[in-house]
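Peer 1: pasted the sequence and its predicted model underneath.
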Amino acid sequence: MTRARAAVLLGEAALLPRLLDDAALERLSSAVDLHPGVLTPATVAGALGDVDVLLTGWGAPPLDAALLDTAPRLRLVVHTAGTVKRLVTPAVWERGVRVTSGAATNALPVAEYALATVLLAAKRVGEAQEHYRARRRLDAWQPGGPVGTNGATVGVVGASRTGRRLLELLRPFDLRPVLHDPSLSPAEAADLGADLLPLDGLLAASDVVTLHAPALPATYRMIGAAQLALMRDGATLVNTARGSLVDTDALTAEVLRGRLRAVLDVTDPEPLPPDHPLFDAPGVVLTPHVAGSLGNELRRLGDEAVAEVLRWVRTGALRAEVRADDLARIA
């Protein structure tokens, strides 16, 4: 039986050792003939004629009809990142190419980031830090209203891969998770460890609200002025999903009033203009889209991609396959 031939296509060659160490490359080479080096958008033209398996990552070009015309043998695309929406085109499905994604693997660091912010927000650490910095005394902050993790309500919006992983991570803590996802029944939410609530009810009940819904037409600015008005005074909104879920102007108005706090790893627009008031607003933590896999976390994505190729070569099965009809509901 002829061995499959694989190639790696990334935005830049420097990303390869961050994704695949020597051991991972050796495992990959044990199952497929590996194209030497790394293909990039500048070098991919004419290089895919004998390739059956393509490992892709951040910065890879869209797999449109013109590119696929140069890859007549291509049968499998293994994406070493989360969303494949910027990568796949209708031509991929039309030609019967199978696609997998590292979204489930990437969900873990995002859920860990969300867990950390939930715990700190419930403790109101940001507020304490601001008062302590200003007054330099241990009694600088005397909290009014609820503070602490014991019994705090955490509203999880979206039972996505990340939302589900976060619910798992929340289980050891004395927190009350509530969940909004219109695709779930109350029994399904209970199986995930949360009470199912409508969005308005979740916002009104939660001390911390963390967003994990996909960016879809139905979720565009799902958190607007009316929804923010329902949140408790002093509550925190965490967004590690997509900036388009939140009306930035409405959130800015609430945090500048001092009524709400926010932890935002994503924004709309992204990045914000340099003079945007959220950069300096008290009660706001902005991070530059770092919740997903970084540094040594990238190796998990590479290892899972290699495992997926080996699984496909040996059995034809895939663990993280993405199909055309999935795109309407996933991130």
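Peer 2: Looks like it came in fine. Numbers count the residues shown, from 1 in each chain.

Peer 1: quick one: mean pLDDT over the longest helix along the chain.
Peer 2: Counting residues, the longest helix found in the chain (DSSP state H) is helix 103-122. Here helix 103-122 scores 97 as its mean pLDDT.

Peer 1: would you mark the buried spots in that helix?
Peer 2: For helix 103-122, burial by neighbour count (16 or more other C-beta atoms under 10 Å) applies to 103-115, 117-122. The C-beta positions use only the backbone N, C-alpha and C, and glycine is treated the same way.

Peer 1: next structured bit after that helix?
Peer 2: Using DSSP states H and E, the helix or strand that follows helix 103-122 in sequence is helix 125-135.

Peer 1: determine the set of other helices and strands touching the next helix or strand after that next one.
Peer 2: Next helix or strand after helix 125-135 toward the C-terminus (DSSP H and E): strand 152-157. Other helices and strands packing on strand 152-157, by 3 or more C-beta pairs under 8 Å, 6 or more residues apart in numbering; DSSP states H and E, are helix 103-122, helix 161-170, strand 175-180, helix 199-205, strand 208-211.

Peer 1: again, only using 10 Å
Peer 2: helix 103-122, helix 161-170, strand 175-180, helix 199-205, strand 208-211, strand 236-239 (3 or more C-beta pairs under 10 Å, 6 or more residues apart in numbering; DSSP states H and E).

Peer 1: next one: the one helix or strand in the chain whose mean pLDDT sits lowest to chain centre, how far?
Peer 2: When the helices and strands of the chain are scored by mean pLDDT, DSSP states H and E, helix 125-135 comes last with a mean of 91. Here the centre of helix 125-135 is set off from its chain's centre by 30 Å, with C-alpha atoms, centre = their mean, to the nearest Å.

Peer 1: and for stretch 48-66?
Peer 2: 22 Å.

Peer 1: that one: which residues count as buried?
Peer 2: In stretch 48-66, counting by 16+ other C-beta under 10 Å, buried: 48, 51-58, 60-61, 63.

Peer 1: now, the most widely separated pair of the residues you listed?
Peer 2: Greatest spacing in the buried residues of stretch 48-66, by C-beta to C-beta: D52 and W58 (22.5 Å).

Peer 1: which helices and strands does the least confident helix or strand of the chain pack with?
Peer 2: Checking 3+ C-beta pairs under 10 Å, 6+ apart, helix 125-135 ends up next to helix 103-122, strand 261-264.

Peer 1: so for L203, which of those sits nearest?
Peer 2: strand 261-264 (13.6 Å).

Peer 1: hmm, who's touching the next helix or strand after the closest one?
Peer 2: On the C-terminal side of strand 261-264, the closest following helix or strand by DSSP H and E is strand 284-286. With contacts defined as C-beta atoms under 10 Å, 6 or more residues apart in numbering, strand 284-286 is touched by 117, 120-121, 126, 236-238, 251-252, 255-256, 260-267, 271-272, 276-280.

Peer 1: 7 Å - rerun?
Peer 2: 126, 255, 261-264, 278-279 (C-beta atoms under 7 Å, 6 or more residues apart in numbering).

Peer 1: nearest to E94, of the residues you listed?
Peer 2: L264 (38.4 Å).

Peer 1: is T100 in a helix, a strand, or coil?
Peer 2: strand (DSSP: H, G, I helix; E, B strand; the rest coil).

Peer 1: tally up the residues packed near it, please.
Peer 2: Neighbour count for T100, taken as other C-beta atoms under 10 Å: 24.

Peer 1: can you pull the contacts of it?
Peer 2: Contacts for T100 were tallied using C-beta under 7 Å, 6+ apart; they are 78-79, 308, 318, 320-322.

Peer 1: ok, what's across the strand from it?
Peer 2: V78, E321 (DSSP bridges).

Peer 1: gap between it and G243?
Peer 2: 26 Å (C-beta to C-beta, to the nearest Å).

Peer 1: how about G148?
Peer 2: For G148, the distance to G243 - C-beta to C-beta - is 30 Å.

Peer 1: more neighbours: which of the two?
Peer 2: Higher neighbour count among G148 and G243: G243, with 20 against 12, using other C-beta under 10 Å.

Peer 1: report how many residues lie close to the nearest residue to that one once chain neighbours are set aside.
Peer 2: In this structure, G243 finds its nearest non-sequential neighbour in D268, 3.4 Å apart by C-beta to C-beta, 6 or more residues apart in numbering. By other C-beta under 10 Å, the residues close to D268 number 19.
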